[in-house]
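Asks: Predicted model and sequence below, questions to follow.
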Amino acid sequence: MMKTNFLNIAISFAVLGLFAAAISKSEKHSLIHPLIPRTGGPVIDSTDAATGLALDSNLPLVKAQCTGCHSPMLILQHRFTRDEWLSKIRWMQRNHKLWDLGESEKPVLDYLAKHYAPNQSAYSRREPLRNVKWYKLEK
Ligand code: HEC
């Protein structure tokens, strides 16, 4: 009687351990944002697993200055020139209590302009079509 109880407990712990391992594995996985393409599309493996932001020596600075109030997705889903990024920062400073970035402003802008500029092939959509000759549908 005693022996089978011990066996049962031992087996239960083993099963629990397996579950815990499986759950911790799947949690690690979910840290990668679902909108960052993992298969298909351009292969982007040089991104930070926790935020999806491009890896770069200035990333820690950007994380500190730019991810406290909102999701990094707000950065990931935009493509701006350096001037446009600066005007977004000024807009947040005017309207959303973003602080003066001080000495960090330049490296933060360097980072944004480098990785999230318009027409960066690995990260961006294609350019809008120009001079398209549309045809009229005949009825
Ligand atoms: C003090 C809080 C705060 C910090 C820090 C902050 N933001 Fe924002 N940001 C906001 C708010 C509030 C909005 C508006 C969110 C919304 O519209 O839902 C916003 C919106 C944005 C948008 C969307 C702009 C648009 O046109 O819709 C971008 C891009 C952005 N932030 C980038 C950044 C970057 C880059 C940094 C780091 C320099 C940063 N944010 C730091 C508060 C902040």
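Replies: Yep, that arrived. In this text the structure is predicted, and so the values were computed from the model without any measurement. Numbering: from 1, shown residues only.
Asks: distance of the residue sitting nearest the centre point of the chain from residue 62?
Replies: The residue lying closest to the centre of the chain (Cα atoms, centre = their mean) is residue 52, at 2.4 Å. According to Cβ to Cβ, to the nearest Å, residue 52 stands 12 Å off from residue 62. Using the backbone N, CA and C atoms, a C-beta is placed for each residue, glycine as well.
Asks: same question, residue 69
Replies: Relative to residue 62, and taking Cβ to Cβ, residue 69 is found at 13 Å.
Asks: Tell me which of those two has more neighbours.
Replies: residue 62 (24 against 10; other Cβ atoms under 10 Å).
Asks: Relative to the ligand, how far out is the nearest residue to the more buried one once chain neighbours are set aside?
Replies: What sits nearest to residue 62 in space, not counting adjacent residues and going by Cβ to Cβ, 6 or more residues apart in numbering, is residue 111, at 5.1 Å. For residue 111, the distance to the ligand (Cβ to the nearest ligand atom, to the nearest Å) stands at 9 Å.
Asks: For the residue nearest to the centre of the chain, grab phi and psi.
Replies: Backbone dihedrals for residue 52, given as degrees, to the nearest 10, come out at phi 80, psi 0.
Asks: Read off the pLDDT value for it.
Replies: Confidence per residue is given as pLDDT, and for residue 52 that number is 95.
Asks: contacting residues around residue 75?
Replies: With contacts taken as Cβ atoms under 8 Å, 6 or more residues apart in numbering, residue 75 has the following neighbours: 53, 62, 66, 112, 116.
Asks: Could you let me know which of these ends up closest to the ligand?
Replies: Checking those against the ligand with Cβ to the nearest ligand atom, the nearest one is residue 66 at 2.8 Å.
Asks: shouldn't that closest one be in contact with residue 105?
Replies: No: checked against Cβ atoms under 8 Å, the pair residue 66 and residue 105 is beyond contact range at 11.4 Å.
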